[in-house]
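*Asks:* predicted structure and sequence below. I'll ask about it afterward.
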Amino acid sequence: MPDTARDHAQDFLALADDYNALKFGEFTLKSGRVSPYFFNMGEIASGAGMKRLAAAYAATLAEAGIDYDSLFGPAYKGIPLVATVATALADHGHDVAFTYNRKEAKTHGEGGTLVGAPLGTRVVIVDDVITAGTAVREAIATIRAAGAEIAGVLIALDRQERGSDGRSPLAALAEDEGIPTIAVATLADVIAYARVNGLGAEQIEAIEGYRARYGV
Ligand code: OMP
């Protein structure tokens, strides 16, 4: 991974810190695991914050060098995300169409669950966090059902957790399906950031313990 990727990770974690989006304590995850930390992207809810967030995603995606022609943001958190990441890419002279979905199908008007531009042929999924991979797999199924191909999965935080086969969900996607997977930051970056920025020894120990139990 290039050094600039680590810079984007540190910028992103500084942003998460500024908005109190990275929490330490005890949190039950969607997977049922009880985690000593939680990243809540919903806390980054101001224009300046979204601008920094989108810049970190866009720079990470641009450096990944993958071939894609549209972006998809899964409801709900992926909706503002995909719009602002597309805006940040446009600032770099790269105009990319974006699509998002509804959780409930609409039965009147234009109908259906997809909103925005028609999906392109090679779609990058833009989402917040990956733990067990359930949310990303749902997005993959939505895109494939619409007849498009997945060009990549772009995530802000890869929690680097072990699935039932011993691999992380992002590694499994890359290895089994050849889908490029890109994370702005990982659990390793969170720990490095926490050490440098003076998080308590007890909290770091709790995260290390969690990583030893559930991490890859
Ligand atoms: P998986 O579907 O298990 O990969 O979990 C990812 C989803 O869990 C995210 O899209 C979030 O809705 C939520 N989540 C967070 O937002 N932050 C975390 O730190 C952890 C989770 C989680 O529940 O695992």
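*Replies:* The structure has been received and is ready for your questions. Numbering: from 1, shown residues only.

*Asks:* going by C-alpha atoms from here, please, whenever you check contacts or count neighbours.
*Replies:* Fine.

*Asks:* residue 93 and residue 85, how far apart?
*Replies:* Residue 93 is 13 Å from residue 85, where distance means CA to CA, to the nearest Å.

*Asks:* and if you look at residue 178?
*Replies:* 24 Å.

*Asks:* near the ligand at all, stretch 172-188?
*Replies:* No. On the criterion CA under 6 Å from any ligand atom, stretch 172-188 is out of touch with the ligand, staying 9.8 Å away.

*Asks:* can you start the count at 32 instead of 1 from here on
*Replies:* Sure thing, new numbering starts at 32, so read that last one as stretch 203-219.

*Asks:* tell me the average confidence for that stretch?
*Replies:* On average, the pLDDT along stretch 203-219 is 95.

*Asks:* not counting that stretch itself, show me its contacts.
*Replies:* If you take CA atoms under 8 Å, 6 or more residues apart in numbering as the criterion, stretch 203-219 is touched by 36-37, 39-41, 43-44, 87-88, 91-92, 95, 97, 181-191, 201-202.

*Asks:* which of the residues you listed are buried?
*Replies:* When the contacts of stretch 203-219 are checked for burial by 16 or more other CA atoms under 10 Å, the buried set is 36-37, 39-41, 43-44, 87-88, 91-92, 95, 181-191, 201-202.

*Asks:* residues of the helix ranked longest in the chain that come out buried?
*Replies:* The helix that spans the most residues within the chain, counting by DSSP state H, is helix 78-95. By 16+ other CA under 10 Å, the buried positions in helix 78-95 come out as 80-81, 83-92, 95.

*Asks:* how about stretch 217-225?
*Replies:* 217, 218, 220, 221, 222, 224, 225.

*Asks:* swap in stretch 97-113?
*Replies:* 99-106, 109-113.

*Asks:* redo those as a markdown table? Include distance to the ligand, secondary structure and pLDDT.
*Replies:* A markdown table is the format used below for the buried residues of stretch 97-113 (distance: CA to the nearest ligand atom, whole Å; DSSP: H, G, I helix; E, B strand; the rest coil; pLDDT from 0 to 100):
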| residue | distance to the ligand | secondary structure | pLDDT |
| --- | --- | --- | --- |
| 99 | 22 | coil | 97 |
| 100 | 23 | coil | 95 |
| 101 | 20 | strand | 97 |
| 102 | 16 | strand | 98 |
| 103 | 14 | strand | 98 |
| 104 | 11 | strand | 98 |
| 105 | 9 | coil | 97 |
| 106 | 9 | coil | 96 |
| 109 | 9 | helix | 96 |
| 110 | 12 | helix | 97 |
| 111 | 14 | helix | 97 |
| 112 | 12 | helix | 97 |
| 113 | 14 | helix | 98 |
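
*Asks:* distance of the residue nearest to the spatial centre of the chain from residue 157?
*Replies:* Closest to where the C-alpha atoms of the chain average out (CA atoms, centre = their mean) is residue 186, at 2.1 Å. The spacing between residue 186 and residue 157, counted by CA to CA, is 6 Å.

*Asks:* can you pull the residues of the chain lying near the ligand?
*Replies:* Residues of the chain lying near the ligand (CA under 6 Å from any ligand atom): 60-62, 69-71, 159-166.

*Asks:* kind regards, and thank you for your time.
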